[in-house]
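> got a predicted structure plus its sequence, pasted below:
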Amino acid sequence: MLLIFGLSVFFRTIGQGDFHCPNCGGDRHYRQRVARRWFTLFFIPVIPLNRVGEVVECGTCRTRFNLDVLRMPTAQRMAAALPMAMRAAAATILSAGDPTDSTARSRAVDAVRGYGLADFDDAMLAADLATAPEGAGEVIAQAGAQLTTEAREWFLAQVVRVALADGAIGPGERQALHEIAGRLGMTPAHAVGVITTTEGAARE
Ligand SMILES: [Zn+2]
């Protein structure tokens, strides 16, 4: 009798989720799979041998990547990062000025809504203010990393407008604006430019 034996690699799924597929370019379902070499007899795996590696396989285009691909944020997560960042920035700037001023609060609510969180309201803002913006800088930095220079300027200008709502920008507010700008990835000079321009526009 002729024995047909060989070595083959088989994959076993050990996890799954959503990721951004760099090949077919979108948020896709993935399977995380372990590759193991098997000794086969008549094409049937009989003895497991060494582990060859671990891969992430796109459920749509079937391309396999190494695990690093999971570090890329999905489009959904990126889209969520912006309103979260504006919430954090709005709470920060209000806390640095007068958090009870109704004009400033309504401008803060508008700014967050402008970043896509349509159902954001004063009650949610009050909750944000109550839970001292722990980690706010981190949230803003994550959003800043994906923004273009113009988008960072726009973001900062919205925060400046919140600061201006209750009158001139105080020293505490100015310092908070600079911290936010720094987290966004802007230089101090760039921040001064945006703050001054926005102040000037508000006076006209
Ligand atoms: Zn794909």
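Ah, there it is. Numbers count the residues shown, from 1 in each chain.

> phi and psi next, for Ala35.
Note on Ala35: backbone dihedrals following degrees, to the nearest 10 are phi -100, psi 130.

> does it really touch Gly53, like I thought?
Yes. At 5.2 Å, Ala35 counts as touching Gly53 under the criterion of C-beta atoms under 8 Å. C-beta: built from backbone N, CA, C; applies to glycine.

> which neighbours do these two share?
Residues touching both Ala35 and Gly53 (C-beta atoms under 8 Å, 6 or more residues apart in numbering): there are none.

> mind checking which helix or strand Ala81 is in?
helix 75-96 (DSSP states H and E).

> what separates that helix from the chain centre, distance-wise?
Relative to its chain's centre, helix 75-96 lies at 10 Å (C-alpha atoms, centre = their mean, to the nearest Å).

> same question, stretch 123-143
With C-alpha atoms, centre = their mean, you get 14 Å for stretch 123-143.

> so Ile140 versus Pro48, what's the distance?
48 Å (C-beta to C-beta, to the nearest Å).

> sorry, back to before: name the next helix or strand following the helix holding Ala81 along the chain.
Using DSSP H and E, the helix or strand that follows helix 75-96 in sequence is helix 102-114.

> now do that following helix and helix 75-96, the angle between them.
In terms of direction (axes from the mean of the first three to the mean of the last three C-alpha atoms, to 10 degrees), helix 102-114 departs from helix 75-96 by 170 degrees.

> check which residues of helix 102-114 are buried.
If you call a residue buried by 16 or more other C-beta atoms under 10 Å, then helix 102-114 has these buried ones: Ala104, Arg105, Arg107, Ala108, Val109, Ala111, Val112, Gly114.

> check stretch 140-150 too.
Buried, per 16+ other C-beta under 10 Å, within stretch 140-150: Ile140, Ala141, Gln142, Ala143, Gly144, Leu147.

> you'd agree the first one is up against Arg183?
Yes. Under the contact definition of C-beta under 8 Å, Ile140 touches Arg183, with a separation of 4.1 Å.
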